[in-house]
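Enquirer: coordinates only, no sequence provided:
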C-alpha cells in the first residue's frame, strides 16, 4: 500500500529558483494517503494505512494557488499532508540569474506571502507582479494538511477573515510555521492561528548576499486582533507584528485541542546566529505595538539566547499570564540565556523562568506590577541542563551551527563560542517609574541544578560514537511535556 507522494514545484538546490508558480482554478493536486487490506500467510486480513504526502513550492518570484489541493489521510492512525511554500531570494540580489538571459529580473520591495480568506478572493490582479505568494486560508484549512510551513523574506499577511486552523471534519493541525520577519494583519476583526505547535518569526531566513545580518523590522499599529493558540509556541530570531490592536500568544491548547485546558504549555523565545562577526551568538527580538499577552505555563528564552520582547515606548502594554487554573510546568532545560520583556506598561501574572540566566522586566513609562501568584525565577531548581561539548577535556564550547558526527570541533571558526571562564549573569532586574510587588508574588534566585557537557573519545569502549547518528533520541526520566526541549547546537547537529 503506497501513501501520498510529493508534488514539488521549482525545487532548486538552494530554493532560490526564478519564475513564478501558478496553479489555476480547475487544477487539482492530490497527495492523499491510502489504505488497503492484505491477506497474511495465516489467512487473516490486515488493514494497512499510509499517510498523505506533501506539496512544496520554492520560488524567488512568487506563486498563486487558485486550484484545489487534497492531502487527506485515510484514517486517524496516520498523518495528514504537509504544505510548504517559500518566497525567498535566499540571500541573493535580484541580479542573480541575469547572466542566463542578459537581463535582471524586476526588483521588488518585499518578498511576501498573503493568505486570503478564500481562494475565490484571488483576482487576476493578484496574479500579477513579482515577489508575492497568494493562497486562500480555506485551501490550507480544508485540504487535509496537518503541517503548514509558510516562508517569506519580508512578510506574511493574514488579510480580512483569514485564519489558519483545521476546518470542520478535518484533523486538527499538528504544526503551523510562519517563517518571516513580519506578520501583517490587515483590516479588522480577529485572525486565528491554531495548531499543536506554532512557530513564528525568522526561523532560517538569509540576508542579502548570503549573509545573515540582523534585519530590524518595525512594528505597526492597526485595528485587528491576532490570536495564536497552541500547546507550544516558539518565537524565532528578529521579527515584528504589524497591524494588530491586540496580540495574544496562548499556549494553553491541550492535546485534544481544547483551548484553556493545558496548564504546562510553553512560550519559547529562540535566538538565531546572525551577523557575520557574531555567528556564535544567539540573538532575537520581537517588536510590537498596542497590547501583547503571553499566556502559558511558563515563558523563557532557550539556551544561550539573548532575546528581547519590546513594545513601542509610548504605546504598548505587555501582560504575562498563567493558565486559568495555574501553571504545572517543570523548570525548563534551558541555561545561560537572557530574556528582556519591555513595554510602556508591564504586568506579570504568570511564570517567567530563566535557569542559570537573567530576566529583565522593564516598563519604559509606567510602573511594572508583579501580581500575587506570579513567578520570576533564575534558579536552576535542581535540573541538569546539557550545554555544549568539551574539546580535549580542556575547552568547553558551544557551536551554533551544530557538530558534525565523527568530526572534531574546530574552535577557531566563527560559530564556536568558548564558554571556559564565562561569568554566569544570573539575576532579576525590574525597572520602571516605580514598582508594585504584591505580597504573594515570587522572586526565586536560589542555587541548585547543574550544567552538563560531553565529549566522545575513541578507546577500548569503541571507536565510533553510536549516539551521533540520525534518528537516535534521548529518553529523559521525569520529563512530562508533550514537546522536546530546544537546544540550537543539538538541533543543528
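Expert: Cool, got the structure. Quick caveat: nothing in here was measured; it's all calculated off a predicted structure.

Enquirer: beta partners for residue 347?
Expert: residue 319, residue 369 (DSSP bridges).

Enquirer: how far away is it from residue 361?
Expert: 10 Å (CB to CB, to the nearest Å). For the C-beta atoms, the positions are set from N, CA and C on the backbone; glycine is no exception.

Enquirer: what do those two both touch?
Expert: residue 368 (CB atoms under 8 Å, 6 or more residues apart in numbering).

Enquirer: the more surrounded of these two?
Expert: Taking other CB atoms under 10 Å, residue 347 and residue 361 do not tie; residue 361 has more neighbours (25 against 22).

Enquirer: test my guess that that one contacts residue 348.
Expert: Yes: Residue 361 lies in contact with residue 348 (CB atoms under 8 Å); the separation is 6.4 Å.

Enquirer: which residues do the two both contact?
Expert: In contact with both residue 361 and residue 348: 368, 370, 376, using CB under 8 Å, 6+ apart.

Enquirer: and the residues you listed, which is closest to residue 204?
Expert: residue 376 (31.2 Å; CB to CB).

Enquirer: burial measure for that closest one, as a count.
Expert: Neighbours of residue 376 under the rule other CB under 10 Å: 23.

Enquirer: swap in the one 10 residues further on?
Expert: Around residue 386 there are 18 other residues, counting by other CB under 10 Å.

Enquirer: what does residue 220 give?
Expert: By other CB under 10 Å, neighbour count at residue 220 equals 18.

Enquirer: identify the residue spatially nearest to it, adjacent ones excluded.
Expert: Leaving out its chain neighbours, the residue that sits closest to residue 220 by CB to CB, 6 or more residues apart in numbering is residue 242, at 3.9 Å.

Enquirer: surely that neighbour is in a helix?
Expert: No: per DSSP: H, G, I helix; E, B strand; the rest coil, residue 242 lies outside any helix segment and is strand.

Enquirer: contacts only, for it.
Expert: So residue 242 contacts 155, 182-185, 217-220, 222 (CB under 8 Å, 6+ apart).

Enquirer: among those, which lie within strands?
Expert: Members of those lying in strands (criterion: DSSP state E): 155, 182-185, 220, 222.

Enquirer: specify which member of those is nearest to residue 357.
Expert: Distances from residue 357 to the ones in strands among the contacts of residue 242, taken by CB to CB, are shortest for residue 183, at 26.8 Å.

Enquirer: any idea how far the residue lying closest to that closest one once chain neighbours are set aside is from residue 296?
Expert: Spatially, and ignoring its direct neighbours in sequence, residue 183 is nearest to residue 241 (5.4 Å; CB to CB, 6+ apart). To residue 296, residue 241 is 17 Å away according to CB to CB.

Enquirer: show me which of those two is the more surrounded one.
Expert: Set side by side, residue 241 and residue 296 show unequal neighbour counts under other CB under 10 Å, the larger going to residue 296 at 30 against 24.

Enquirer: out of the shared contacts of residue 361 and residue 348, who's nearest residue 91?
Expert: residue 376 (39.0 Å).

Enquirer: partner residues bridging the closest one?
Expert: Assigned bridge partners for residue 376, using DSSP bridges, are residue 352, residue 443.

Enquirer: just the helices in the stretch 1-150 of the chain please.
Expert: Per DSSP state H, counting those that start in this stretch, the stretch 1-150 of the chain carries helices over the ranges 98-101, 137-142.

Enquirer: residue contacts, the residue most central in space within the chain?
Expert: Centrality entry for the chain: nearest residue to the mean C-alpha point is residue 199, 2.6 Å, by CA atoms, centre = their mean. Counting by CB under 8 Å, 6+ apart, residue 199 makes contact with 175-179, 233-236.

Enquirer: so which of the residues you listed sit within strands?
Expert: Of the contacts of residue 199, the ones assigned to strands by DSSP E are 175-179, 233-236.

Enquirer: returning to what we had before: mind listing what the residue nearest to residue 183 touches?
Expert: 182-183, 185, 219, 226, 247, 286-289, 292.

Enquirer: residue 246: how many residues sit nearby?
Expert: 17.

Enquirer: err, residue 149, not the other one
Expert: Residue 149: 18 neighbours (other CB under 10 Å).

Enquirer: any of the contacts of residue 241 buried? List them.
Expert: 182-183, 185, 219, 226, 247, 286-289, 292 (16 or more other CB atoms under 10 Å).

Enquirer: nearest to residue 163 among the ones in strands among the contacts of residue 199?
Expert: Distances from residue 163 to these, taken by CB to CB, are shortest for residue 176, at 10.6 Å.

Enquirer: pLDDT value on the nearest residue to that closest one once chain neighbours are set aside, please?
Expert: Of all residues not flanking residue 176 in the chain, residue 195 sits nearest, at 4.2 Å (CB to CB, 6+ apart). In this model, residue 195 is scored at 98, pLDDT.

Enquirer: any idea how far residue 454 is from residue 250?
Expert: Taking CB to CB, one finds residue 454 at 36 Å from residue 250.

Enquirer: which one of these two is surrounded by more residues?
Expert: When neighbours are counted by other CB under 10 Å, residue 454 and residue 250 differ, and residue 250 comes out ahead with 23 against 11.

Enquirer: local confidence estimate at the more buried one?
Expert: 98.

Enquirer: please apply the same query to residue 171.
Expert: For residue 171, pLDDT reads 88.

Enquirer: go ahead and confirm it touches residue 73.
Expert: Yes: using CB under 8 Å, residue 171 is in contact with residue 73, at 6.6 Å.

Enquirer: between these two, which is the more surrounded one?
Expert: residue 73 (24 against 16).

Enquirer: need the contact list for the more buried one.
Expert: Counting by CB under 8 Å, 6+ apart, residue 73 touches 32-33, 49, 51-52, 79-81, 144, 146, 171.

Enquirer: please apply the same query to residue 57.
Expert: 9-10, 21, 63, 65, 84-86, 133.

Enquirer: one more time with 7 Å, if that's ok
Expert: For residue 57, the contact set (CB atoms under 7 Å, 6 or more residues apart in numbering) comprises 9-10, 21, 63, 85-86.

Enquirer: tell me the least confident of those?
Expert: residue 10 (81).

Enquirer: ok, and the closest non-adjacent residue to that residue?
Expert: Using CB to CB, 6+ apart, the closest residue to residue 10 is residue 17 (4.0 Å).

Enquirer: pretty sure that neighbour is touching residue 56, no?
Expert: No: between residue 17 and residue 56 there is no contact under CB atoms under 7 Å: 11.4 Å.

Enquirer: how about the strands in the stretch 1-150 of the chain?
Expert: 6-9, 21-23, 28-30, 34-39, 45-50, 54-59, 62-65, 68-70, 81-87, 112-116, 132-136, 145-152 (DSSP state E, counting those that start in this stretch).

Enquirer: which residues touch the longest one?
Expert: Yep, that's strand 145-152 we're talking about. Residues from elsewhere that reach strand 145-152 (CB under 7 Å, 6+ apart): 71, 79-88, 111-113, 133, 140, 156, 164, 171, 173-180.

Enquirer: that one pairs with which strands, parallel or anti?
Expert: Strand 145-152 has these strand partners (DSSP bridges): strand 81-87 (parallel), strand 175-179 (parallel).

Enquirer: what's the offset of it from the middle of its chain?
Expert: Counting by CA atoms, centre = their mean, to the nearest Å, strand 145-152 is centred 11 Å from the centre of its parent chain.

Enquirer: what mean pLDDT does that strand have?
Expert: For strand 145-152, the per-residue pLDDT averages 97.
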